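**Q** Based on what follows, work out the 3D shape:
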Amino acid sequence: MKTKKVPFDIERAKAGAKVVTRKKQPVRILDYNLKRPDTPIVAAVMEDTFERVFYYKDNGKHECKDLREYDLFIEEEVKTRRMTNQELTDWLRDCPEEHREWGHSGTDSVYPYPPVYFEDTRNEPAEKGVLIRRNHGEWEEPLIEE
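**A** Numbering: from 1, shown residues only. Modelled structure (predicted):
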């Protein structure tokens, strides 16, 4: 499951949205209404095998500017789907400043040019086992966010 961090929203957090730090550490909100000026949120942040307690403003910012890595975010699931054959072809061609290529999992074959497909299969999802990468980086599934 792919996720992304979005800005902290206190109402979403109260409604049960998953809360994490900037470094994606799990957060457990202990209280939203602490009687403390400017920092009413109390949260436990998971650090390896123990939790640390921090105080936050309503917007999820840590009370100390030097500890911004502990700012709060909402983590949400990214809905994705597999690229179609046409989208894969367009992806391979659309960014000349980046080296893009595709290959099949389980083989050493790598192709910098678009795969061949029949016109009636252009809107079909790219074949299972097809992987893509940028600039000789890590191989990944050819997915698009919806």
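**Q** Residue 66 versus the residue in the chain sticking out farthest from the centre, what's the distance?
**A** In terms of distance from the mean C-alpha position of the chain, residue 35 ranks first, at 34.5 Å (Cα atoms, centre = their mean). Using Cβ to Cβ, to the nearest Å, residue 35 is found at 25 Å from residue 66. Glycine gets a C-beta too; all of them are placed from N, C-alpha and C.
**Q** helices and strands around the longest helix along the chain, which ones?
**A** In the chain, taking DSSP state H as the definition, the longest helix is helix 85-93. Other helices and strands packing on helix 85-93, by 3 or more Cβ pairs under 8 Å, 6 or more residues apart in numbering; DSSP states H and E, are strand 100-104, strand 130-134.
**Q** what's the average pLDDT for that helix?
**A** For helix 85-93, the mean pLDDT works out to 93.
**Q** Taking strand 130-134 as reference, get the angle to it.
**A** Compare the direction of helix 85-93 with that of strand 130-134 by axes from the mean of the first three to the mean of the last three Cα atoms, to 10 degrees and you get 30 degrees.
**Q** got a list of contacts for helix 85-93?
**A** Contact partners of helix 85-93, identified using Cβ atoms under 8 Å, 6 or more residues apart in numbering, comprise 83, 100-102, 112-115, 117, 121-126, 130, 132, 142, 144.
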